[in-house]
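Just need the structure, nothing else, for what follows:
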Amino acid sequence: MKTGYVFSVVCCWILFLTSMGGILTGCGRKVEEQQLATVIVDTSPEQGASVLLAGFERGETPVTIVDLPPGTYDVILRLERYRRTIKPITVTGEGEQEFLIQMKPITGTLSVQTTPPGATVYLDGEDIGNTPVVKHVLQIGDYSYEVKSPDHYPEGKAFTVEDNFNMKFAHKLRPMEAELSVFSRPSSASVWLNNILQEEKTPAKFILRPGQYLVSVHTAGHLQADELVQLEANTPEKVQINLTPGAVPQGMLLIPAGKFIMGTDNRAPDERPVRTINLKSFYIDRFEVTNQAFKAVFSSHKYSSGQDNYPALDISWTEAGRYCNAVGKRLPSEAEWEKAARGAKGQQYPWGPVFETSMANTVESGIGKATRAGNYYASASPYNCMDMAGNAYEWTTDWYQAYPGNTDVTKDYGQVFRVLRGGSFISEKFEARCAARHFDRMDSKRRDYGCRCVMTARK
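Numbering: from 1, shown residues only. All right, here's what the predicted structure looks like:
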C-alpha cells in the first residue's frame with residue numbers, strides 16, 4: 001500500500017514537471033521571436049568599412065547582422081583614408097533595420113599657382129580648374145597633377161597628401177620657342193642677335209625663346225643695319241633687312257664732323273662753362289664693349305654664364321685702353337663721347353631733356369645690376385648710340401681737369417684722375433646726364449666701370 005502510494009506521487013510529479021517544461025519551452029520561443037532582429041549596416045560615401053559591434057567583428061559594409069537582441073549599440077567603423085567612426089544605433093524588435101552611417105574622410109589640400117596664371121590643372125587626369133587653384137580638398141593618399149597652358153610646355157608633379165597638410169606648388173611655365181627667319185639684301189650677311197654673333201649667315205633660321213631681340217646684319221661694303229623684333233611663343237616671325245652701301249666699320253657709327261654744345265652752366269661746377277666745340281668726324285662703338293668681345297682679347301676676363309652680351313665690367317682705364325688698342329681702336333675723348341651722347345644741340349639726356357626711368361639703367365630703375373648691351377633700344381642718342389646713360393660708366397682718354405674758362409680750383413684737377421662718363425646702374429640720374437663727369441685713378445676697378453671705343457674716320 002505504501003509502495004503504491006509513493007509510486008503514484010512520483011508519477012504525478014513527473015507529469016507536472018513535464019507539462020511545466022513544455023509550457024516554459026513554449027514561452028521561451030515566443031520571447032525569442034519577439035526580441036531578435038536583423039540589422040544592415042552600410043557606410044557613405046564609400047563602402048568596405050570594417051564593422052565592430054557588441055564586441056564582435058561583423059565584416060565589411062554593407063554587412064547584415066542577424067539575431068540581434070533589441071538595445072543600443074556602438075558601431076565602430078574603420079576604413080582606409082577615413083577617420084575612425086563610432087556611431088550609436090538603437091535596435092528594436094521590428095524585424096529588419098538598416099543604418100547608413102556617414103564617415104568623415106581624412107583630408108589635406110592642394111594649391112597650385114602658375115606664371116602666367118590661367119593654366120588648366122589636371123589632377124590624376126581630371127580637370128579641377130584653372131590656376132590659381134587654392135586649397136582644393138583631397139583625401140590623404142598619392143596623387144599626380146599636370147598644368148597646361150597654350151603655347152607653354154606642360155609641367156607636373158607627383159605628391160602625397162597627408163592629414164591636414166596643405167600642399168603648395170608654384171610653376172613658372174616655360175613658353176614654347178619661336179621661329180625667327182632673317183633675310184637680307186644682299187644675302188650672305190653676318191647676323192647678330194642681341195649683339196651676339198651667330199654662326200649662320202642670311203638667309204638664316206633660328207629657334208629662340210620668346211622675347212625681344214635686336215637683329216643686326218652686316219656685310220662688307222655696307223652699313224650695319226638692325227631691327228627690333230618681339231617674338232611670341234610658338235609663333236614664326238620673319239625679318240627682311242635691306243643694307244645700304246657704306247664703309248663704316250662693323251658695330252660702329254659715324255659721328256659727322258661739325259660743331260656741338262659741350263658742358264653746362266647750371267649743374268655741377270666741373271661742367272662749366274658751356275661752350276661750342278668743333279670736332280672732326282669719327283666712328284664710335286654703338287654699344288658698350290661686351291664680355292664676349294673683351295674676353296676675346298683678355299682670356300682671363302671672367303663673367304657670369306649667359307652674360308656674353310652684357311657690358312664688360314670691373315675693368316680699369318689701363319685695361320680699357322689696352323683693349324681698344326688691341327682691336328685697332330682707341331678710347332674716346334670727353335668731347336667725342338659727349339657729342340655722340342647728346343648730339344649737336346646739347347641735349348640733357350641722350351633721348352631728350354627729361355629723365356625717364358624706363359629709358360636707362362640707373363638707381364631709379366631699381367634693377368641693381370647691369371643689363372645686356374642695347375637693352376634700352378628706345379633711348380638711343382641722336383646718332384643712334386646705345387646705353388650712353390646708365391648701365392656702365394665708360395672710360396675716356398682725358399685727364400680730369402678744369403674746362404677752358406673755368407676758374408674754380410680743386411685739388412682733384414690735374415694729371416692724377418681719368419674721366420668716366422654716362423653714369424651706371426649704381427648711380428643716380430644726375431650722374432647719367434650727358435654733361436656729367438666722374439673721375440677715378442687709372443688703375444681703379446669697380447663693378448660698374450666699362451668702356452666703348454672710337455676710331456678716327458677715314459677722309
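
Name whatever forms a beta bridge with residue 394.
Beta-bridge pairing for residue 394 (DSSP bridges): residue 421, residue 450.

From residue 287, how far off is it?
The span separating residue 394 from residue 287 equals 11 Å under the rule CB to CB, to the nearest Å. Every residue, glycine included, has its C-beta placed from N, CA and C.

who's more crowded, the two?
Set residue 394 next to residue 287 and count neighbours by other CB atoms under 10 Å: residue 394 wins out with 28 against 22.

is it true that that one touches residue 452?
Yes - counting by CB atoms under 8 Å, residue 452 is a contact partner of residue 394 at 5.5 Å.

so what's in contact with residue 394 and residue 287 at the same time?
Here residue 394 and residue 287 have residue 452 as joint contacts, going by CB atoms under 8 Å, 6 or more residues apart in numbering.

what's the domain layout of this structure?
Following automatic domain parsing, the chain resolves into domains at 49-102, 113-169, 178-242, 252-456.

anything in contact with each of residue 394 and residue 452?
Taking CB under 8 Å, 6+ apart as the criterion, residue 394 and residue 452 both touch residue 288.

can you pull the buried residues of stretch 223-237?
Across stretch 223-237, burial judged by 16 or more other CB atoms under 10 Å covers 223-226, 229, 231, 233, 237.

swap in stretch 430-439?
Residues of stretch 430-439 classed as buried by neighbour count (16+ other CB under 10 Å): 431-439.

Next up, the contacts around residue 234.
Residues in contact with residue 234 (CB under 8 Å, 6+ apart) are 151, 175-178.

ok now do the most centrally placed residue in the chain, which residues does it touch?
Central residue of the chain (CA atoms, centre = their mean): residue 172, 5.0 Å from the mean position. Shown in contact with residue 172 (CB under 8 Å, 6+ apart): 114-115.

what's across from it in the sheet?
Residues in beta-bridge contact with residue 172 (DSSP bridges): residue 115.

With residue 137 as the reference, measure out to it.
The gap separating residue 172 from residue 137 is 26 Å, by CB to CB.

cool, and residue 180?
Separation of residue 180 from residue 137 (CB to CB) stands at 46 Å.

between those two, who's got more neighbours?
Taking neighbours as other CB under 10 Å, residue 180 and residue 137 compare with residue 180 leading, 21 against 10.

can you tell me the helix or strand for that one?
Residue 180 is part of strand 178-185 when elements are defined by DSSP states H and E.

quick one: contacts of that strand?
By CB under 8 Å, 6+ apart, the residues outside strand 178-185 that reach it are 191, 202-210, 213, 215, 217, 219, 229, 231-243.

For the stretch 301-450 of the chain, just list every one of the helices.
Read by DSSP state H, counting those that start in this stretch, the stretch 301-450 of the chain holds these helices, from start to end of the chain: 317-326, 334-342.

Buried ones in the longest one, by neighbour count?
Within helix 317-326, the residues that qualify as buried by neighbour count (16+ other CB under 10 Å) are 317, 319-321, 323-324.

buried ones in stretch 415-429?
With burial defined by 16+ other CB under 10 Å, the residues of stretch 415-429 counted as buried are 417-427, 429.

just curious, which of these is nearest to residue 259?
Distance to residue 259 across these (CB to CB) is lowest for residue 421, with 19.6 Å.

Sticking with the spatially closest residue to residue 328 that is not a sequence neighbour, tell me its helix or strand.
Spatial nearest neighbour of residue 328, excluding adjacent residues (CB to CB, 6 or more residues apart in numbering): residue 455 at 7.3 Å. Applying DSSP H and E as the criterion places residue 455 in strand 454-456.

same question for that strand, mean pLDDT?
Here strand 454-456 scores 97 as its mean pLDDT.

and if you look at stretch 439-446?
For stretch 439-446, mean pLDDT is 97.

returning to what we had before: give the buried subset of the contacts of strand 178-185 as a ChimeraX selection command.
Buried residues among those (16+ other CB under 10 Å), as a ChimeraX selection:
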select :191,202,204,206,210,213,215,217,219,229,231,233,237,239,241,243
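
Flag the helix or strand of the protein with the lowest per-element mean pLDDT.
Taking mean pLDDT, DSSP states H and E as the measure, the chain has helix 2-35 as its least confident helix or strand, at a mean of 42.

following it, which helix or strand shows up next?
Per DSSP H and E, helix 2-35 leads on to strand 37-44 as the next helix or strand towards the C-terminus.

Of the helices of the stretch 301-450 of the chain, which is nearest residue 260?
Of all the helices of the stretch 301-450 of the chain, helix 334-342 comes closest under CB to CB, at 4.4 Å.
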